[in-house]
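# Attaching a predicted model along with its sequence, questions to come.
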Amino acid sequence: MRILIVDDESLNRFLLSHMLEEAGYNDCYEAESGHEALRLAERIKPDLVLLDVVMDDMDGFEVAPKLKQLAGDIYLPIIFITALDDQESLARCLEVGGDDFASKPFDKMILTAKIRAHARTRLLSKKASEQNQELVYYRNAVEREHAIVEHIFKNALTISQSVSHFFDYRLAPASSFNGDLFLIEPSPTGGIYFLMGDFTGHGLASAIGALPVTRAFQAMSEKGISVSEMASTINNTLLKLLPGDMFFASVIVEIGNSGTQFNIWHGGMPDMLLVAPDGQIRKRFESMHMALGILEADEFEDDVEHFEGEFGDRLVGYSDGVVELTNAQEKMLGEEALVKWITSQPDINVQALEQKIDKFRGTAEQLDDITLVSYTCQSLDSLKSNHAVCLVPFDITVDLDAELLKTIDPIHELIIMVSSQNGMQGIRSDFSTVLSELYNNALDHGLLQLDSAMKKSTDGFFEYFEARLEKLAQLHDGNISIHVSYEPDSKTLELTVSDSGPGFDVANLCKTKETDSFGRGILLVKELCQNVTYTDGGSTAKVSFTI
Amino acid sequence: MSLEKELSADGKTLTIFMDEKFDFGKVQDFRMAYGSDSGEVTSINIDLSKTEYMDSSALGMLLNMQKSMSSTVSSFSICNCRPQVAKILKISRFDKKFDIS
């Protein structure tokens, strides 16, 4: 406790410092004038000042406010020492900033009691000031951290620009971080994936889960992984990451490259609606599952709903922040009202919907994050040109003799070779099916001379399989040649499969009955690619794909 | 490598999970999957969520399964098809014989 004694009478100073020493205050300083008091105070930073009123150079009334100013925010008790006893003077002591007064001659007990009382207040003030500083520090630190996180989020939660124009959407977080998440990515087969979800709560805590979900979704979209596998992968990731009371309601949708097919995994979000242009609800996609991040891997269900819409249909999705929005009269918007807006004005855009929502909310505060998403079924052909297409012409020729035919299956390797070229991912599936058909025809019928009619009966189906194995093992002569040729100018990929067998009567391709377990191959091939031709008496098949 | 399958708790629904490719190479695995311990099964569900492509022999295998099991199994369904696979099932009019979702 450092005390500054200010008095121009040396006797008074001596008496005071002696008295304080006796009371245990050993850290005392003396000043004999107002100016000295200010100089000293600046240097020693006293905890309490005993201040004489009447001094020559500058009286106590003038010194007090200056001392207070020096002390800044922390309470510096000033006790006036005065021989004056008129009420006016005593009142003035307090008015100019003094905190107390003690009359001469001093009463030791009263004075030390006053010093102790003011020391307590000073201690409190010091603590408060320290805490204030800490608070300011923390607030700055939090603000800085938020700025960093915001930066990361802004860079991580990007929506793929190549497909975003197919969507009309709005995200309105309740605070600076969004617990709602909306992601769109093109699929390698020329369709689109999108994910719309809602983490428990809102703000930073709920937004943090968005990072791993986004990374996983983007990586899986690039690989063209199925919606059900996406759902279970994200579920497992979140299960490990999120605390038990947090989860992620979401819808994951794959739009096929026709622009009208939907595969939807729906867990815990409000219904999604497919609305026909006339306002009729063509299909309501209801939640089929629990939200992600709850069920253990072995309990998790990855069932997906499949639906085919028509051009012009609109798929509309929204988060529960929309329907649970409450206005100043504490009335909830509700799903019915929202659906009515959409069905009564089927071409209403998301911006207009948002205006209606804002109007409903009025002056009430927005308590939860809001997401509105709309996709109108349309041709996605323009996506195809977005993919970089291989500019280099190439030829792949694979000649397989009897030995190789027995030991390897060339289909898988060829699919990888072809589909790993730029722009070829889109035909991967069709190419795979067609190649498999043509190769198996060449092998089974061309070289091994198996008769599909065997497959007519259930047992025959397996006999056929065994006969195939047996005949293949005995094969000595014969070969199959596969030739893939790509022409970048016309973006045409030609596939030729020929065998050394005797061929078959192309004109007499048998008509297949629906119940037959065979004979669908060539039909399928004709649907999946173009310019199907047979030459060399049926032993060479040639087809083409447009990239 | 045998195919993954799952029997419901009441033993009545069998789900068979096909992997990436569904073609003639799967003929035995597939038969094993539906042919063994399926005594009480009344519905069979083929999950194609992982299947990237199938060919006509896969279609044949599906029909063959239906034929050989139809005395005890009343419902056959195919679920979680990727768009490309759904296209093949559609071209082949499989929606007439199977519940496709």
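Noted; the coordinates are in hand.

# longest helix in the chain, by residue count?
Defaulting to chain A. Longest helix in chain A, counting residues (DSSP state H): helix A:108-156.

# sorry, should have said chain B
In chain B, assigned by DSSP H, the helix with the most residues is helix B:56-69.

# thinking again about what came up before, just how off-centre is the longest helix of chain A within its chain?
From the chain centre to the centre of helix A:108-156 is a distance of 35 Å (CA atoms, centre = their mean, to the nearest Å).

# Tell me the first helix or strand C-terminal of it.
helix A:161-164 (DSSP states H and E).

# what comes into contact with that next one?
By CB atoms under 8 Å, 6 or more residues apart in numbering or on different chains, the residues outside helix A:161-164 that reach it are A:I184, A:E185, A:P186, A:I192, A:L383, A:N386. C-beta coordinates here come from the backbone N, C-alpha and C atoms, glycine included.

# Contacts only, for the residue nearest the centre of chain B.
The residue lying closest to the centre of chain B (CA atoms, centre = their mean) is B:I46, at 3.4 Å. Contact analysis of B:I46 by CB under 8 Å, 6+ apart lists B:T15, B:I16, B:M18, B:L62, B:F76, B:S77, B:I78, B:C79.

# Would you mind confirming that the third one is in contact with B:K50?
Yes - using CB atoms under 8 Å, B:M18 and B:K50 qualify as a contacting pair, with a distance of 6.7 Å.

# Of the two, which one has the most company?
Ranked by neighbour count (other CB atoms under 10 Å in any protein chain shown), B:M18 and B:K50 place B:M18 first, with 25 against 18.

# quick one, phi psi at that one?
The phi/psi pair for B:M18 (degrees, to the nearest 10) reads phi -80, psi 150.

# buried stuff in stretch B:31-46?
By 16 or more other CB atoms under 10 Å in any protein chain shown, the buried positions in stretch B:31-46 come out as B:R31, B:A33, B:Y34, B:S38, B:V41, B:I44, B:N45, B:I46.

# My error: substitute stretch A:494-501 in the last question.
Applying 16+ other CB under 10 Å to stretch A:494-501 flags A:E494, A:L495, A:T496, A:V497, A:S498, A:D499, A:S500, A:G501 as buried.

# With stretch A:394-401 instead?
For stretch A:394-401, the neighbour count (16+ other CB under 10 Å) marks A:V398, A:L400 as buried.

# For it, which outside residues touch it?
By CB under 8 Å, 6+ apart, stretch A:394-401 touches A:408, A:410, A:414, A:417-418, A:421, A:478-486.

# And those residues, which of them are buried?
Neighbour-count burial (16+ other CB under 10 Å) applied to these gives A:P410, A:L414, A:V418, A:G478, A:N479, A:I480, A:S481, A:I482, A:H483, A:V484, A:S485, A:Y486.

# and which of those is nearest to B:M69?
A:P410 (33.2 Å; CB to CB).

# can you put the contacts of B:I46 in CSV and add secondary structure?
Below are these laid out as CSV (DSSP: H, G, I helix; E, B strand; the rest coil):
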residue, secondary structure
B:T15, strand
B:I16, strand
B:M18, coil
B:L62, helix
B:F76, strand
B:S77, strand
B:I78, strand
B:C79, strand
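
# Give me the buried entries from those residues.
B:T15, B:I16, B:M18, B:L62, B:F76, B:I78, B:C79.

# Need the pLDDT of the third one.
Read that as B:M18. Looking at B:M18, its pLDDT stands at 93.

# picking up where we left off before, pLDDT averaged over the longest helix of chain B - what is it?
Averaging pLDDT along helix B:56-69 yields 87.

# which of the residues in that helix are buried?
B:56-66, B:68-69.

# Need the contact partners of the helix or strand of chain B with the lowest mean pLDDT.
When each helix and strand of chain B is scored by mean pLDDT, DSSP states H and E, helix B:83-91 comes last, with a mean of 83. Contact with helix B:83-91 is made by A:189, A:191, A:254, A:256-258, A:261, A:263, A:306, A:428-430, A:433, A:523-524, A:527-528, B:48, B:51-54, B:59, B:78, B:81, B:95, B:98, B:100, as judged by CB under 8 Å, 6+ apart.

# Where strands are concerned, which of those count?
Residues of the contacts of helix B:83-91 located in strands (DSSP state E): A:E254, A:Q261, A:N263, A:H306, B:Y53, B:M54, B:I78, B:I100.

# Can you say which of those are buried?
A:E254, A:Q261, A:N263, A:H306, B:Y53, B:M54, B:I78, B:I100.

# a markdown table for those, including distance to A:I79?
Shown next, in a markdown table, are these (distance: CB to CB, whole Å):
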| residue | distance to A:I79 |
| --- | --- |
| A:E254 | 80 |
| A:Q261 | 87 |
| A:N263 | 82 |
| A:H306 | 86 |
| B:Y53 | 93 |
| B:M54 | 96 |
| B:I78 | 93 |
| B:I100 | 93 |
